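missing the sequence, but the structure's below:
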């Protein structure tokens, strides 16, 4: 089961002058024990855009590090990332993490 553990809200004005709200959430999911291997907590992110056209996207199970996902969500919020681009940014993030 997923649980929101922290969120950041950012207001902005879109290109047509409409007030919008972006809600960035850190999601925690407890993975169950499996075949003798203990479960763990995994963190993901969700972005909701609230306004004229509402949107929502999430990326689950990005990391087991709370501090890492917290920094990632802060960067998303600072950049006013919308739900439409979340999965592309997550893909780039994973690629860069693997490169070290």
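Ah, there it is. Because the structure is a prediction, the values reported are computed rather than measured.

From now on I want contacts and neighbour counts done on CA atoms only, so please keep to that.
Fine.

list the helices and strands the biggest helix by length in the chain packs on?
The longest helix of the chain (DSSP state H) is helix 83-99. In terms of contacts (3 or more C-alpha pairs under 8 Å, 6 or more residues apart in numbering; DSSP states H and E), helix 83-99 is packed against strand 41-50, strand 55-63.

what residues does stretch 45-62 touch?
18-27, 29, 42-44, 69, 73, 82-84, 86-87, 90 (C-alpha atoms under 8 Å, 6 or more residues apart in numbering).

let's see 7 Å
19-27, 42-44, 82-83, 87 (C-alpha atoms under 7 Å, 6 or more residues apart in numbering).

Out of these, which comes closest to residue 9?
Proximity of those to residue 9 (C-alpha to C-alpha) peaks at residue 23, which lies at 4.6 Å.

Distance of residue 45 relative to residue 97?
16 Å (C-alpha to C-alpha, to the nearest Å).

brain fart, residue 44
15 Å.

And for residue 2?
According to C-alpha to C-alpha, residue 2 stands 24 Å off from residue 97.

Quick check on the contacts of stretch 45-62: which are buried?
20-27, 42-44, 82-83 (16 or more other C-alpha atoms under 10 Å).

Which pair of the residues you listed spans the longest distance?
Most distant of these, by C-alpha to C-alpha, are 20 and 42, 29.5 Å apart.

Give me the below-cutoff pLDDT ranges for the chain.
33-38, 98, 100 (pLDDT under 70).

Sweet, I'm off.
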